[in-house]
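**Q** sequence? don't have it. structure:
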DNA sequence: TCTATTTATCGAAATATTTCGATTTGTAAA
DNA sequence: TTTACAAATCGAAATATTTCGATAAATAGA
């Protein structure tokens, strides 16, 4: 898990992805399907956005049967917090 | 200065803008012209990227004669640091 | 005022992102 | 094995971003 600020920032630069991240943080028992209701997007679009968040290292993805179990990558969040702290 | 994560993240989602931010943090006596050498971009492209960083609240801009004096917005950086800390 | 310098804006081309419907893949349960 | 469901991939259209050269605006100094 390398800290790629550009990639992480890009992942967070979309309102739907921010919504998804915050929902995963709030409720660790969400599945991708829940994001369709939450964002109003189609299933393929949700899949696309979840992939970007996972690829950027912000979310971790564990396949659990037909569902995907998502969780916030806390190590990455701490790295990002530290990155911004260095400027403040 | 409102904390718009989506906008701030978007501003940081480009390698040239990250370079510019880090150069301003390193040396508070840079002018926009210096970024042309640093990034290899044209002057209009640099102007465009600086504007995005300023509009997102990451950099502050003070006009000083013909030059623009840029500085890192430390309050915004602290807000961003806190935003990520809440997840970690 | 005239000239040089720094930054901003305009217009357009190239590239990237977002989105959907259709389809495929993978898995659980009947 | 067949069916049903969750998620991923494909292909294409719409939209947004990045970039440049040309030009304009603003200002300092001769």
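**A** Looks like it came in fine. This one's a predicted model, so the numbers in the text were calculated from it and none came from an experiment. Numbers count the residues shown, from 1 in each chain, chains lettered A, B, ... in the order given.
**Q** For the rest of this, base every contact and every neighbour count on C-alpha atoms.
**A** Noted.
**Q** what's the offset of stretch A:77-84 from the middle of its chain?
**A** 15 Å (CA atoms, centre = their mean, to the nearest Å).
**Q** again but with stretch A:29-47, I slipped
**A** On CA atoms, centre = their mean, the centre of stretch A:29-47 falls 12 Å from the chain's centre.
**Q** Kindly report the residues of chain A close to DNA strand C.
**A** A:13-14, A:16, A:40-45, A:48-49, A:64-66 (CA under 7 Å from any atom of the strand).
**Q** rerun that using 10 Å as the cut-off
**A** Residues of chain A lying close to DNA strand C (CA under 10 Å from any atom of the strand) are A:7, A:10-17, A:36, A:39-49, A:52, A:63-68.
**Q** Give me the buried positions along stretch A:27-37.
**A** For stretch A:27-37, the neighbour count (16 or more other CA atoms under 10 Å in any protein chain shown) marks A:30, A:32, A:35, A:36 as buried.
**Q** Wait, the last one touches residue A:48, no?
**A** No. Contact between residue A:36 and residue A:48 fails when scored by CA atoms under 8 Å: they sit 11.8 Å apart.
**Q** State the helix or strand in which residue A:2 lies.
**A** Following DSSP states H and E, one finds residue A:2 outside all helices and strands.
**Q** and it, how many neighbours?
**A** Using other CA atoms under 10 Å in any protein chain shown, the number of residues around residue A:2 comes to 8.
**Q** ranges for the strands of chain A?
**A** A:59-64, A:67-72 (DSSP state E).
**Q** And those strands: which comes nearest residue A:24?
**A** strand A:67-72 (6.1 Å; CA to CA).
**Q** Which strands or helices does the closest one pack on?
**A** Where contact means 3 or more CA pairs under 8 Å, 6 or more residues apart in numbering or on different chains; DSSP states H and E, strand A:67-72 is packed against helix A:15-26, strand A:59-64.
**Q** can you tell me how far residue A:50 sits from chain B?
**A** Distance of residue A:50 to chain B, computed by CA to the nearest CA, to the nearest Å: 16 Å.
**Q** so that residue touches residue A:17, yeah?
**A** Yes. Residue A:50 is within contact range of residue A:17, at 7.3 Å (criterion: CA under 8 Å).
**Q** now residue A:39, nearest residue through space, not along the chain?
**A** residue A:16 (6.2 Å; CA to CA, 6 or more residues apart in numbering or on different chains).
**Q** Quick check, that neighbour in contact with residue A:37.
**A** No. Applying CA under 8 Å as the test, residue A:16 and residue A:37 come out as separate, 11.5 Å apart.
**Q** Pull the number of nearby residues for the residue nearest to residue A:39.
**A** Neighbours around residue A:16, by other CA under 10 Å: 20.
**Q** For residue B:6, see how far away it is.
**A** Distance, residue A:16 to residue B:6, by CA to CA, to the nearest Å: 10 Å.
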